[in-house]
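> sequence first, then the predicted structure:
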Amino acid sequence: MPYPQERPRRLRRTEALRALVRETTLAPDDLVWPLFVVPGRGVRNPVQSMPGVFQLSADELLGEVQSGFAAGVRAVILFGIPERKDAQGTEAWAEDGVVPRAVRTLKEALPALVVMTDVCLCEYTDHGHCGVLRRPTAGGPGQDLTVDNDLTLPLLAREAVAHARAGADIVAPSDMMDGRVAAIRAALDGAGFTDLPILSYAAKFAGGFYGPFRDAAESAPREGPGIPRDRKAYQMDPGNAREALREVALDVAEGADMVMVKPAVPYLDIVRQVKDRFLLPTAAYHVSGEYAMIKAAAERGWIDEDRVVLETLTSCRRAGADLVLTYYAPHAARLLTGKRP
Ligand code: PBG
């Protein structure tokens, strides 16, 4: 009797055998492509910290999305950079705002495309926070301003309804205000959009991985007296797993149809727990900093980008993500379908 009785290597001998016993698969249908829309025509601004990513005007966006669609990417999520910003983020709920216009352009040309919209105020406020600022009621004088939760809710609800009217298929609130899923659900239902699902950024962690996004969306918190320097007073602390489950439970109770964990790879333990505990589709957002890290190492020739991209996205799926939001969506789709990027 040869010594090892169990030989897992037997099933690793050829690619076809490995494929037969593969537990986790990745397909273009699992991917959602985040895109940045700006006003104007013919605009294609490269984002410094995200090689291969551009701020696009609606016409340019359509071309990109059409080529992604041909590669199998059938879902996108839009972020808008408005012409004007103000303290309230008024442009966020303009019916002819940058996102509603882009939604109409995309849905007219590609009715089968799933168009999600990010619902948040940070791209639209001049201070760069995800809601309206005011003096805090706790802690006495000398405190920084705070994002007022309850003043922000109706603004987010109006933004979601504006996106719905433009033809969005799914709205995705990313602000991390308490109670926003309920507020958005009520506003959508009140406006007749009972069929429109909400994907909530349920467990969104405050950390260093959103830096490149804030370049792309021009949404970094502005420096100024009393303006909080970061989003730690509304996004989650990276050390907290149980709290993440509570956040998800709240959003589920408020009517979320899908829930998201963000960032993805550093928080795959959370993805797994959310998947095991809740019965809704689970999304993971492979965010800008995660994208930038792979790009930077690949540019130096230190890693094989294609392999690392597929391995990373497969890991998100293995942890339990049903869908993965990633700037690599078209690149990965082309790898998966054999059309070289
Ligand atoms: C808006 C929002 C952010 C991201 C998605 N929606 C940035 C932030 O919270 O500062 C980040 C996405 C990424 O880094 O790719 N609130």
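Done, it's in.

> tell me where the stretch 1-150 of the chain has strands.
31-38, 44-46, 54-57, 75-80, 114-119, 133-134, 146-147 (DSSP state E, counting those that start in this stretch).

> tell me the residues of this structure that contact the ligand?
By Cβ under 6 Å from any ligand atom, the part of the chain that sits against the ligand consists of 118, 120, 122, 130, 174-175, 210, 213-214, 219, 231, 287-288. Placement of C-beta: from N, CA and C, glycine included.

> can you put the strands of the stretch 1-150 of the chain in a markdown table and add mean neighbour count?
What follows is the strands of the stretch 1-150 of the chain, written out as a markdown table (neighbours: other Cβ atoms under 10 Å):
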| stretch | mean neighbour count |
| --- | --- |
| strand 31-38 | 24 |
| strand 44-46 | 13 |
| strand 54-57 | 21 |
| strand 75-80 | 24 |
| strand 114-119 | 24 |
| strand 133-134 | 16 |
| strand 146-147 | 22 |
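
> output the below-cut-off pLDDT ranges for the protein.
Of all residues in the chain, those with pLDDT under 70 make up the ranges 1, 340-341.

> just the CA coordinates for stretch 47-64, please, in CSV.
Provided in CSV are the C-alpha atoms of stretch 47-64 (Å, rounded to 0.1, in the frame of the first residue of the first chain):
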residue,chain,number,x,y,z
VAL,A,47,-8.3,59.4,-13.4
GLN,A,48,-4.7,59.7,-12.2
SER,A,49,-4.8,57.1,-9.4
MET,A,50,-6.9,54.6,-11.4
PRO,A,51,-5.1,53.8,-14.7
GLY,A,52,-7.7,52.7,-17.3
VAL,A,53,-10.6,54.6,-15.6
PHE,A,54,-12.0,57.8,-17.0
GLN,A,55,-14.6,60.5,-16.1
LEU,A,56,-16.9,60.3,-19.1
SER,A,57,-19.6,62.4,-20.6
ALA,A,58,-22.8,60.6,-21.4
ASP,A,59,-22.0,60.1,-25.1
GLU,A,60,-18.5,58.6,-24.3
LEU,A,61,-20.1,56.6,-21.5
LEU,A,62,-22.5,55.0,-24.0
GLY,A,63,-19.6,53.8,-26.2
GLU,A,64,-17.7,52.3,-23.2
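
> and the contacts of that stretch?
Applying Cβ atoms under 8 Å, 6 or more residues apart in numbering, the set of residues contacting stretch 47-64 from outside is 35-46, 81, 98, 101-102, 105-106, 109, 211-213, 215-216, 288, 291-292, 295, 299, 327, 330-331.

> and the residues you listed, which are buried?
Applying a neighbour-count criterion of 16 or more other Cβ atoms under 10 Å, the buried members of those are 35-39, 43, 81, 98, 101-102, 105-106, 211-213, 215-216, 288, 291-292, 295, 327, 330-331.
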